[in-house]
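S.K.: turn this into a structure:
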Amino acid sequence: MKVGAVVQLKSGGSKMTVTEIAGSTVKTQWQQDKTGKITTGEFPVAGLKVVDEKAAAPAQDEDEEEDEEEEEEE
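M.R.: Predicted structure coming up:
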């Protein structure tokens, strides 16, 4: 689990984005379905499951993308 990952309580509920990890506590934020309000919360790592780890992948900068495109063309 890392910052940016999408998680959910093991018991179910809204999908949440990890914003900070401090020891065995994970800070998250999510958008409430009914109101659209952004809510934050803290949960123990043991109570969460990762739904989408790929969401936490670091974004590539434009130079790296261009290099990859050039390699594909060759």
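
S.K.: for T28, which non-adjacent residue is spatially closest?
M.R.: The shortest distance from T28 to any residue that is not its chain neighbour, by C-beta to C-beta, 6 or more residues apart in numbering, is 3.8 Å, and that residue is M16. All C-beta atoms are positioned from the backbone trio N, CA, C, and that covers glycine.

S.K.: surely that neighbour meets V6?
M.R.: Yes: proximity of M16 to V6 meets the contact threshold set by C-beta atoms under 8 Å, at 7.1 Å.

S.K.: D33 and V6: what is the separation?
M.R.: As defined by C-beta to C-beta, to the nearest Å, D33 lies at a distance of 15 Å from V6.

S.K.: please say which of the two ends up with more neighbours.
M.R.: Residue environment comparison for D33 versus V6 gives the larger neighbour count to V6, 17 against 8, counting by other C-beta atoms under 10 Å.

S.K.: related to what we said a few turns ago, which pLDDT value does the model give the residue nearest to T28?
M.R.: We have a pLDDT of 93 for M16.

S.K.: quick check: bridge partners of it?
M.R.: Beta bridges link M16 to V7 when assigned by DSSP bridges.

S.K.: for it, give me its contacts.
M.R.: V6, V7, Q8, T28, Q29, W30, G41 (C-beta atoms under 8 Å, 6 or more residues apart in numbering).

S.K.: make it 6 Å
M.R.: M16 is in contact with V7, T28, W30, counting by C-beta atoms under 6 Å, 6 or more residues apart in numbering.
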